[in-house]
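[1] structure of the sequence below:
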Amino acid sequence: MVRIGIIGCGSLIGIARNHIAAYQRCSDAQITACYDLIEGRAAGYIDKLGLKDARACASLEELFSLCDAVSVCTPNCTHTELTVAALKAGKHVLCEKPFAPTLEECDQAIRYAKLSDKVSMIGLCYRDIPGFVYMKQLIDEGKMGKIFFVREEQGGDRFANPAVQLEWRTQADLSGPGALADFGSHMMDICDYLLRDSCGPIAEITCMQSTCMEEREIIGKPGRLGPVTNDDVACWICRTEGGTLYNFTASRIGATFMLEIVGEGGKMIFHGDRPFELTLQLKDKNGPYTEKPQAVPVPESCYGGDENAPRTPFAINFYYEIRQFLDAIQHGRDTLLTLERGRYIQSLIQTAQDSADLGEILEADPE
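    This next block holds a predicted model:
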């Protein structure tokens, strides 16, 4: 039995809930401790989610004394500090994405991870969404042939409300980039995971950003406004070493979750509101389109084969992320979601941010 500590309970998005729900489906894990910087929040989480075996801890030291592994579900600027603290305490770590606001912070955590015999993972879990699994299967089978271009969009609607306050996500010193990092981390991880073998790594990036609501009310100071210091919308284009163009839009003021891949063999489109199907319009690689687009259910083979996995959108991929973490801890199984992977994705985010700041096309780190 792996004893789990949850660091960071959250008050708005609460990504910890996704981790907790997944751990609760695993008979070999038990949540024994929760900690949040805000007094009372951990106890409230325990009551609300029925974590009868968990203690609300007053300090990280208390939490570390009660667990074998931790999920770090805190603001971006604390990820590496808490990852290092957990590794120093001899705990396995699953750290939420994006890894950190700067590459230097990523490197510090990786140095400690290399000195440790503990599992350290980054939370890039979208690749286990069944629709993406099916996309990779079709690509790897050669159904798409040469990939011509890719279009991806992700985001949310919450920040479209001017009443949303000046939280940490709106501050570059606490979050790093805004929509670019929050959604772009998943977007670039997915495209690179699906297409690196056929298109090569991302080689060049050009990016533009916009802050649509430049001021928001300061938390705890009614009527007083403060500046938003990162992006609400980011649009960037990448060219791979093989010449394929990726067109990305990340928006926290309104967006559709979708991924479209177009190649010699036709088109395939993933819709985030229908993650268990793809829209396919396939064709002969040497001929024209002759069929209309069709909604095709994801085959059973793309659901991972675990009977405990929920057949619920997005709960399924968090489950497989947690399952991967536990299997690495208990059985020494390899994970693709290493801290080095998190650093690579952060390097792409940083290159996109530098491009937006400089107004130039920049070369990307090929990993």
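[2] which stretches in the chain count as helices?
    16-24, 41-49, 60-64, 79-88, 103-115, 130-140, 172-175, 179-182, 184-199, 315-331, 339-358 (DSSP state H).
[3] save those as a markdown table, and put in distance to Pro288 too.
    Every residue, glycine included, has its C-beta placed from N, CA and C. Shown next, in a markdown table, are the helices of the chain (distance: least, Cβ to Cβ, whole Å):
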| stretch | distance to Pro288 |
| --- | --- |
| helix 16-24 | 44 |
| helix 41-49 | 54 |
| helix 60-64 | 61 |
| helix 79-88 | 49 |
| helix 103-115 | 46 |
| helix 130-140 | 20 |
| helix 172-175 | 47 |
| helix 179-182 | 38 |
| helix 184-199 | 23 |
| helix 315-331 | 36 |
| helix 339-358 | 36 |
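[4] most tightly packed of the ones you listed?
    helix 179-182 (a mean of 28; mean count of other Cβ atoms under 10 Å).
[5] neighbouring contacts of that helix?
    Residues outside helix 179-182 that contact it (Cβ atoms under 8 Å, 6 or more residues apart in numbering) are 76, 98, 101, 155, 169, 175, 207, 209, 230-234, 236, 250-252, 349, 352-353, 356.
[6] pull the CA atoms of it into CSV?
    What follows is helix 179-182, C-alpha atoms only, in CSV (Å, rounded to 0.1, in the frame of the first residue of the first chain):
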residue,chain,number,x,y,z
ALA,A,179,-2.7,30.6,-21.3
LEU,A,180,0.6,29.8,-23.2
ALA,A,181,1.9,27.7,-20.2
ASP,A,182,-1.4,26.5,-18.7
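[7] and the lowest-mean-pLDDT helix or strand in the chain with helix 16-24, angle?
    Here the helix or strand of the chain ranked lowest by mean pLDDT, DSSP states H and E is helix 41-49, holding a mean of 88. Helix 41-49 and helix 16-24 are oriented at 60 degrees to each other (axes from the mean of the first three to the mean of the last three Cα atoms, to 10 degrees).
[8] helix 41-49 - contacts with which helices or strands?
    helix 16-24, strand 29-35, strand 55-56 (3 or more Cβ pairs under 8 Å, 6 or more residues apart in numbering; DSSP states H and E).
[9] nearest to Gly10, out of the ones you listed?
    helix 16-24 (5.6 Å; Cβ to Cβ).
[10] circling back: then the least confident helix or strand of the chain to CSV, C-alphas only?
    Output of helix 41-49 as CSV, limited to C-alpha atoms (Å, rounded to 0.1, in the frame of the first residue of the first chain):
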residue,chain,number,x,y,z
ARG,A,41,-8.5,24.4,3.6
ALA,A,42,-7.0,20.9,3.9
ALA,A,43,-9.5,19.9,6.6
GLY,A,44,-12.4,21.2,4.5
TYR,A,45,-11.1,19.1,1.5
ILE,A,46,-11.0,16.0,3.7
ASP,A,47,-14.5,16.5,4.9
LYS,A,48,-15.9,17.4,1.4
LEU,A,49,-14.3,14.4,-0.3
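[11] lowest average pLDDT across the helices of the chain?
    Lowest mean pLDDT of the helices of the chain: helix 41-49, a mean of 88.
[12] so what touches it?
    Residues from elsewhere that reach helix 41-49 (Cβ under 8 Å, 6+ apart): 6, 9, 11, 16-17, 20, 34-36, 51, 54-57.
[13] do stretch 51-58 as well
    By Cβ under 8 Å, 6+ apart, the surrounding residues in contact with stretch 51-58 are 5-6, 20, 30-35, 42-43, 45-46, 62-63, 66.
[14] Arg216 pairs with what?
    Note on Arg216: beta-bridge partners by DSSP bridges are Gly226.
[15] do the same with Glu153
    Bridge pairing for Glu153 - DSSP bridges - gives Thr249, Met258.
[16] give the contact list for it.
    So Glu153 contacts 248-251, 255-258 (Cβ under 8 Å, 6+ apart).
[17] out of the residues you listed, who's the most crowded?
    Ala250 (30 neighbours; other Cβ atoms under 10 Å).
[18] do you know the pLDDT at it?
    98.
[19] swap in Cys9?
    87.
[20] what about it, neighbour count?
    Neighbouring residues of Cys9 were enumerated by other Cβ under 10 Å; the total is 27.
[21] hmm, back to that, put together JSON lines for the helices and strands packed on helix 41-49, with distance to Met188 on each row.
    Formatted as JSON lines, the entries for the helices and strands packed on helix 41-49 read as follows, by distance: least, Cβ to Cβ, whole Å:
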{"stretch": "helix 16-24", "distance to Met188": "21"}
{"stretch": "strand 29-35", "distance to Met188": "30"}
{"stretch": "strand 55-56", "distance to Met188": "37"}
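[22] out of the ones you listed, flag the one nearest Thr240.
    Here helix 16-24 is closest among those (Cβ to Cβ), at 30.9 Å.
[23] relative to helix 315-331, how tilted is that closest one?
    Using the same axes, to 10 degrees, the direction of helix 16-24 lies 60 degrees away from that of helix 315-331.
[24] appreciated, that's everything.
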